[in-house]
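Asks: how would this look folded up:
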Amino acid sequence: MTQPRANATSNATWLAALLAILIGLAASLNALGFHTVTGLLFNTDMLLPVDLLHDVTLGVDVARQFQLPRVPSFFPDLAVMALLRPIWVGWHAPLLAYALLSAAALIVMTARLAARLGGPSWAMCLMVTAALFALLLLPGADWLGLPTPAIFALMPVIHSGSTLLVFAAVLLVLPARRSVRPVLLAALAGLIFLASLSDKLFDVAFVLPCLAALAAVNLVTLRARQPISRPDLAIGMVLVVSVVAGLGAERWLFRVWLVRQPDIPLSLRDLQNWRWDYAARPELWLVAFCLIAGAVLLWRLRHRLEPFLLWLVAASTACLMAFFMLFYVDHDSLRYVQVLFWWLIVLATVQLGRIGARALLVACGGVAGLLVVALLLTPERVLSPPVLRWRDPAASCLQELAAQGRIHQGLAEIWTARGLEISTDWQVPVAQLANTGAVYVWGNNRLFYAQDHRNPTLPARFDFVVMRDMRPQAVRARFGPPGEIVACGPDQVWLYPAGLTLQSAG
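Replies: Numbers count the residues shown, from 1 in each chain. Okay, here's the model as predicted:
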């Protein structure tokens, strides 16, 4: 009887794992067809890794002048993109591959943590986590026009990689708390160093909460006249030393070698930007839902989770909400609370484990079936995903003008320039400006205001302005009247055959 039962368990495990893969893949492909997602995926910020990796092919000295974001996301985001880029010809496929890998990695890591916290088997947790991710991905579709934290999991350089590292660090800390194990501590130190170097939000989401949780549980033991835990003390020292080393390395790197955007000065006066009418914003209701649902689940699981985890989740919530309120601007600020969203999935997976394997298989099979039906109704999302077909509508027109020799290098508003240039495969260089025509160095390479992006050994030759979202009167005042106006689809392109001098752009 033992052998058939073992075989049945193994078969159920494989079925659950395959179902999880199907759900995660189908949900991601389905979401990548939403206008909300593609609109975000192809904006200036999200295309930054693509542009940066292109500049790397032009030489190290060229790439060094690229202004990286405040959160450089070297690891894992840029590292993974750099590995994916040489596999395909073109730049679309690496973005699709990153989206699928990022979603899969978060599902796997979240399921592993849920299983570690007392959920059902890892395979069952994987299936439940994938189903929850799929369901919570849908509210951010075209219905609401709102990117939920689930959607940000598909994007590079927007804290999804940091979220993955948070849960990886938790999975290292939990066994390390049992005894001082050099291998685990070394792995934790390396992870924290890389994460702190890459994304300061990791320190807010994990390092500070972890230190607070370690302090809280050991204060309780001290009150009971028991000694401080030696593993906890070792973990605390590793956290502090690794963070200091990571932040120090980051400061040195950008002071000596690389360039990045300036930090935002912190001020409590920024909280004055909050107004009562913010309460009507749907993204804040989503945050409130995560907080309330998370609090309910944490309360229900309080007897099943060890005190350290209860303190860790509570402290992480407090730190992230403080960060969110300080830097909240609009719905895109939801990216700061991705960790809270995924903690919610972890807790829900653990709680749902009580339902039973058969019921979970049926429920998750139903989710998979719905996703398959949705994809069958829109087969192009699988056969030819929109992420592989996107192109700026003005790109073809500019390429025709360039082929005729009428234009060489151009200028456009910051949220237009990068996508337009990349859509021409960098064959028609377009540098970014403010809508007044002033030079706007922001997450781009400052070399290419003076040098040709196709060949950095040649000087720049600007002779057109794409007028999408530009202020015509300001452009006319700065550069003078155009020699010719050409319609490129819905956009106007102002041609300046005599050339443009950017020194006049301030």
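
Asks: and whichever strand or helix holds Ala189, what other elements does it pack with?
Replies: When secondary structure is defined by DSSP states H and E, Ala189 falls within helix 182-198. Counting contacts by 3 or more CB pairs under 8 Å, 6 or more residues apart in numbering; DSSP states H and E, helix 182-198 packs against helix 160-176, helix 201-202, helix 230-256. The C-beta positions use only the backbone N, C-alpha and C, and glycine is treated the same way.

Asks: mind listing what's buried in the first one?
Replies: To tie it back to what came earlier, the one meant is helix 160-176. 160-170, 172-174, 176 (16 or more other CB atoms under 10 Å).

Asks: from Asn444, how far off is Val430?
Replies: Applying CB to CB, to the nearest Å, the value for Val430 to Asn444 is 10 Å.

Asks: wait, Ile235
Replies: Distance from Ile235 to Asn444, by CB to CB: 41 Å.

Asks: what's the pLDDT at Arg70?
Replies: The model reports Arg70 with a pLDDT of 90.

Asks: one step back: now mean pLDDT and distance to Val128 too, for the helices and strands packed on helix 182-198, in a markdown table please.
Replies: A markdown table is the format used below for the helices and strands packed on helix 182-198 (pLDDT from 0 to 100; distance: least, CB to CB, whole Å):
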| stretch | mean pLDDT | distance to Val128 |
| --- | --- | --- |
| helix 160-176 | 97 | 16 |
| helix 201-202 | 97 | 26 |
| helix 230-256 | 96 | 29 |
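
Asks: how about stretch 362-376: buried residues?
Replies: Cys364, Gly365, Val367, Ala368, Leu370, Leu371, Ala374, Leu375.

Asks: in strands only, show me these.
Replies: If you go by DSSP state E, the buried residues of stretch 362-376 have nothing in strands.

Asks: between the residues you listed, which sits nearest Val287?
Replies: Using CB to CB, Val367 comes nearest to Val287 of the buried residues of stretch 362-376, at 24.4 Å.

Asks: neighbours around the closest residue to that closest one other than its chain neighbours, how many?
Replies: Distances taken as CB to CB, 6 or more residues apart in numbering place Ala131 nearest to Val367, at 4.4 Å, with adjacent residues excluded. The burial count assigned to Ala131 is 27, neighbours taken as other CB atoms under 10 Å.

Asks: same deal with Gly246?
Replies: By other CB under 10 Å, neighbour count at Gly246 equals 24.

Asks: offset the numbering so it begins at 734, please.
Replies: Fine by me, first position is 734 from now on; the one you just mentioned is Gly979.

Asks: surely it and Leu924 touch.
Replies: No: counting by CB atoms under 8 Å, Gly979 stays clear of Leu924, with 10.0 Å between them.

Asks: low-confidence ranges in the stretch 984-1133 of the chain?
Replies: 998-1010 (pLDDT under 70).

Asks: can you show me the strands along it?
Replies: 992-993 (DSSP state E, counting those that start in this stretch).

Asks: how about Asn1178, what does it touch?
Replies: Taking CB atoms under 8 Å, 6 or more residues apart in numbering, we find Asn1178 in contact with Asp784, Asp788, Val795, Ala796, Gln798, Phe799, Gln800, His1186.

Asks: got a list of what the fourth one touches?
Replies: Contacts were defined as CB under 8 Å, 6+ apart; by that measure Ala796 touches Leu785, Asp788, Val789, Asn1178.

Asks: assign the third one to helix, strand or coil.
Replies: Yep, that's Val789 we're talking about. helix (DSSP: H, G, I helix; E, B strand; the rest coil).

Asks: show me what counts as buried in stretch 1223-1230.
Replies: Asp1224, Gln1225, Val1226, Trp1227, Leu1228, Tyr1229.

Asks: picking that back up, can you pick out the most distant pair from the contacts of Asn1178?
Replies: Gln800 and His1186 (14.7 Å).

Asks: who has more neighbours out of those two?
Replies: His1186 (23 against 17).

Asks: got the phi and psi for the closest residue to that one other than its chain neighbours?
Replies: Of all residues not flanking His1186 in the chain, Pro1162 sits nearest, at 3.8 Å (CB to CB, 6+ apart). Recorded main-chain torsions at Pro1162 are phi -60, psi 140, according to degrees, to the nearest 10.

Asks: in contact with Pro1162, which residues?
Replies: So Pro1162 contacts Gln1142, Gly1143, Glu1154, Phe1181, Asp1185, His1186, Arg1187, Ala1193 (CB under 8 Å, 6+ apart).

Asks: what is the neighbour count of the last one?
Replies: When neighbours are defined as other CB under 10 Å, Ala1193 has 20 of them.

Asks: returning to that earlier point: which SSE is immediately downstream of the helix or strand where the residue nearest to Val1100 lies?
Replies: Per DSSP H and E: Ala864 is located in helix 855-870. Sequence-wise, the next helix or strand downstream of helix 855-870 (DSSP H and E) is helix 882-885.

Asks: for the record, mean pLDDT for that following helix?
Replies: Helix 882-885 comes out at a mean pLDDT of 89.

Asks: got it, and stretch 835-843?
Replies: 94.

Asks: so which bits of stretch 1146-1156 are buried?
Replies: Glu1146, Ile1147, Thr1149, Ala1150, Arg1151, Gly1152, Leu1153, Glu1154, Ile1155, Ser1156.

Asks: now the spatially most central residue of the chain: how far from Thr1149?
Replies: For the chain, the residue nearest the mean C-alpha position is Ile891 (2.8 Å; CA atoms, centre = their mean). Per CB to CB, Ile891 is found 20 Å from Thr1149.

Asks: swap in Glu1133?
Replies: Distance from Glu1133 to Thr1149, by CB to CB: 18 Å.

Asks: and what of Met860?
Replies: 43 Å.

Asks: likewise Arg1033?
Replies: 49 Å.

Asks: is Ala760 in a helix, a strand, or coil?
Replies: Ala760 is classified as helix under three-state DSSP.

Asks: let me fix that: Gln1165
Replies: Applying three-state DSSP: Gln1165 is strand.

Asks: excluding its backbone neighbours, what's nearest Ala760?
Replies: Ala867 (3.5 Å).

Asks: my bad, Ser975
Replies: Closest to Ser975 by CB to CB, 6+ apart is Ile925, at 3.8 Å.

Asks: the one you found reaches Gly979, doesn't it?
Replies: Yes: applying CB under 8 Å, one finds Ile925 in contact with Gly979, separated by 6.6 Å.
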